[in-house]
Each structure stands twice: as C-alpha cells, then as structure tokens.
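[1] structure for this input, please:
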Amino acid sequence: MENILREGSAKTPAVSFDSASGILELKGRSIPENSVEFYKPLNDWIDSYGSKPCSETIVDIKLEYFNTSSSKCILDLFKKLEYINKQGSVVSINWYFEQDDEDMEEAGEDYQAIIKLPFKMIEVEEI
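    The predicted structure follows:
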C-alpha cells in the first residue's frame with residue numbers, strides 16, 4: 001500500500017501516513033480552499049488501510065490552526081479510525097497543542113468527547 005507523504009503549505013498541513021509503521025501525522029495549518037477535496041484522498045487511504053491495519057495505529061495531530069470545514073473533515077477521519085479500532089486494531093490519537101492556545105486545546109477536548117478512541121492531550125511549547 002502506498003504511503004502518503006505531502007509537504008505542508010501556508011494553507012494545507014503536512015501529511016505523513018505510513019502503513020508499515022501505523023503512524024499517521026497531520027502537522028501545520030489546515031485552511032485549504034476546498035477541505036473536502038484535500039481530505040478525500042486521506043479518507044480513501046484510511047479506508048484502504050483499514051482492510052489490513054497494523055496491530056497499533058498512532059495518529060499524531062499537530063495542527064496550529066484549522067478552519068471550520070477542515071474540522072468536519074478531521075471528524076470524518078476520526079470516525080473512520082474509530083471503525084478500525086472497533087475491528088480490533090488499537091488506534092490512539094495524540095492531540096498536540098501549543099501552550100496558551102486555548103482554542104486548539106478546546107478543539108482537542110471537543111473531539112475527545114465525540115470520538116470513542118484513546119485520546120491523549122499533549123501540551124508543547126511550539127508545533
């Protein structure tokens with residue numbers, strides 16, 4: 001299965017989805033012109049990955065900012081990962097947020113309340 005490796009830009013996050021290690025990472029800003037179009041290949045990748053996932057999948061979310069349409073797409077990603085978790089592969093989310101960034105901390109807490117996955121909030125100096 002092909003991994004996804006994308007450089008981040010001013011409007012889109014860097015993406016590193018590695019099927020061999022089971023480590024998935026989004027890092028940077030997520031304010032693409034068309035969030036659905038940007039996240040569709042990521043959702044499709046997770047669908048494919050879910051047919052033969054690693055025994056443990058770790059998802060590192062290191063976003064400094066995302067817009068409303070990205071938040072819905074991220075929720076869709078989490079729901080697909082939740083399904084993989086229900087099938088017996090352990091999926092855990094690491095939500096990184098910068099010190100004093102209450103908005104990103106709160107966003108992580110909101111996802112944590114919605115998604116039935118092990119969810120770790122990790123405060124860092126800088127993303």
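
[2] for whatever helix or strand N43 lives in, buried residues please.
    Using DSSP states H and E, N43 sits within helix 35-50. Using 16 or more other CB atoms under 10 Å as the test for burial, helix 35-50 gives 35, 38-39, 42, 45-46, 49-50. (C-beta placed from N, C-alpha, C; glycine too.)

[3] what lies in contact with it?
    1, 4, 12, 15, 17, 19, 24, 30, 32, 57, 67, 69-70, 72-74, 76-77, 80-81, 83-84, 87 (CB atoms under 8 Å, 6 or more residues apart in numbering).

[4] now with 7 Å?
    Helix 35-50 is contacted by residues 1, 4, 12, 15, 17, 19, 32, 69-70, 73, 76-77, 80-81, 83-84 when judged by CB atoms under 7 Å, 6 or more residues apart in numbering.

[5] state the mean pLDDT of stretch 78-90.
    Averaging pLDDT along stretch 78-90 yields 96.

[6] distance from it to the middle of the chain?
    13 Å (CA atoms, centre = their mean, to the nearest Å).

[7] need the CA coordinates for it. PDB is fine.
    Output in PDB follows, covering the C-alpha atoms of stretch 78-90 (Å, rounded to 0.1, in the frame of the first residue of the first chain):
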ATOM      1  CA  PHE A  78     -11.500  10.100  13.300                       C
ATOM      2  CA  LYS A  79     -14.800   8.300  12.600                       C
ATOM      3  CA  LYS A  80     -13.000   6.000  10.100                       C
ATOM      4  CA  LEU A  81     -10.300   5.400  12.600                       C
ATOM      5  CA  GLU A  82     -12.900   4.600  15.200                       C
ATOM      6  CA  TYR A  83     -14.300   1.900  13.000                       C
ATOM      7  CA  ILE A  84     -10.700   0.400  12.600                       C
ATOM      8  CA  ASN A  85     -10.400   0.400  16.300                       C
ATOM      9  CA  LYS A  86     -13.700  -1.400  16.700                       C
ATOM     10  CA  GLN A  87     -12.400  -4.100  14.400                       C
ATOM     11  CA  GLY A  88      -9.700  -5.000  16.900                       C
ATOM     12  CA  SER A  89      -6.700  -2.800  15.800                       C
ATOM     13  CA  VAL A  90      -5.700  -0.400  18.600                       C
END
